[in-house]
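Engineer: Pasting the sequence and the predicted model now:
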Amino acid sequence: MKLHESKYVVIEWDAANSIISYIYTPDADERMADEDFKFNMTAYAGFCETYQPQRLLLDLRHLRFTIGPELQEWTAKEIAPRTMSLKRIAIVVSSDIFAQVSLEQLMEEDGIADKYDAPRYFDTVQQAKQWLTE
């Protein structure tokens, strides 16, 4: 079920498997503003509070936006505490090396990655979903 859609992000909910999916669209590039990032992440955090998902599928295949240090810190302080129901995170990687590195840095911010069952990285959505539902 689609919960949210913007120019840059689609958020979906799979109740049967307790998976929330955060999917970047092809427009998620350097034109995306920090405010757009915050808007979508705030929506995501609200859905996490409402639905209490156990699993996150983070689809970065189209992400070409670099998450700077200020946004990484903001996410660690404002968003991560609202997503504590998550147990597993599967990340479908971006082909943009800068976007990928910025996400890995974000996961290290304030030990975010340590709060989950070691986030795993995948090349395809199918592989990610398979691991999430094992």
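Structural biologist: All right, it came through fine.
Engineer: What are the buried residues along the strand or helix carrying residue 71?
Structural biologist: Residue 71 is part of helix 69-74, with elements assigned from DSSP states H and E. Neighbour counts over helix 69-74 (16 or more other Cβ atoms under 10 Å) mark 71, 72, 74 as buried. Bear in mind the C-beta positions are built from the backbone N, C-alpha and C, glycine included.
Engineer: now swap in stretch 59-79 and tell me
Structural biologist: 59-67, 71-72, 74-76, 79.
Engineer: avg pLDDT for it?
Structural biologist: The average pLDDT for stretch 59-79 rounds to 90.
Engineer: Same check on stretch 29-45?
Structural biologist: For stretch 29-45, mean pLDDT is 96.
Engineer: And for it, what's in contact with it?
Structural biologist: Residues from elsewhere that reach stretch 29-45 (Cβ atoms under 8 Å, 6 or more residues apart in numbering): 3-4, 6-9, 11, 20, 22, 64-68, 70-71, 74-75, 78-79, 82-83.
Engineer: burial of residue 7, as a residue count?
Structural biologist: 12 (other Cβ atoms under 10 Å).
Engineer: How is it assigned, secondary-structure-wise?
Structural biologist: coil (DSSP: H, G, I helix; E, B strand; the rest coil).
Engineer: Got phi/psi on the spatially closest residue to it that is not a sequence neighbour?
Structural biologist: In this structure, residue 7 finds its nearest non-sequential neighbour in residue 27, 5.1 Å apart by Cβ to Cβ, 6 or more residues apart in numbering. The phi/psi pair for residue 27 (degrees, to the nearest 10) reads phi -80, psi 0.
Engineer: Against residue 48, how distant is residue 27?
Structural biologist: For residue 27, the distance to residue 48 (Cβ to Cβ, to the nearest Å) stands at 23 Å.
Engineer: who has more neighbours, the two?
Structural biologist: Between residue 27 and residue 48, counted using other Cβ under 10 Å, residue 48 has the larger neighbour count: 21 against 15.
Engineer: which residues touch the more buried one?
Structural biologist: Contacts for residue 48 (Cβ under 8 Å, 6+ apart) come out as 20, 82, 83, 85, 86.
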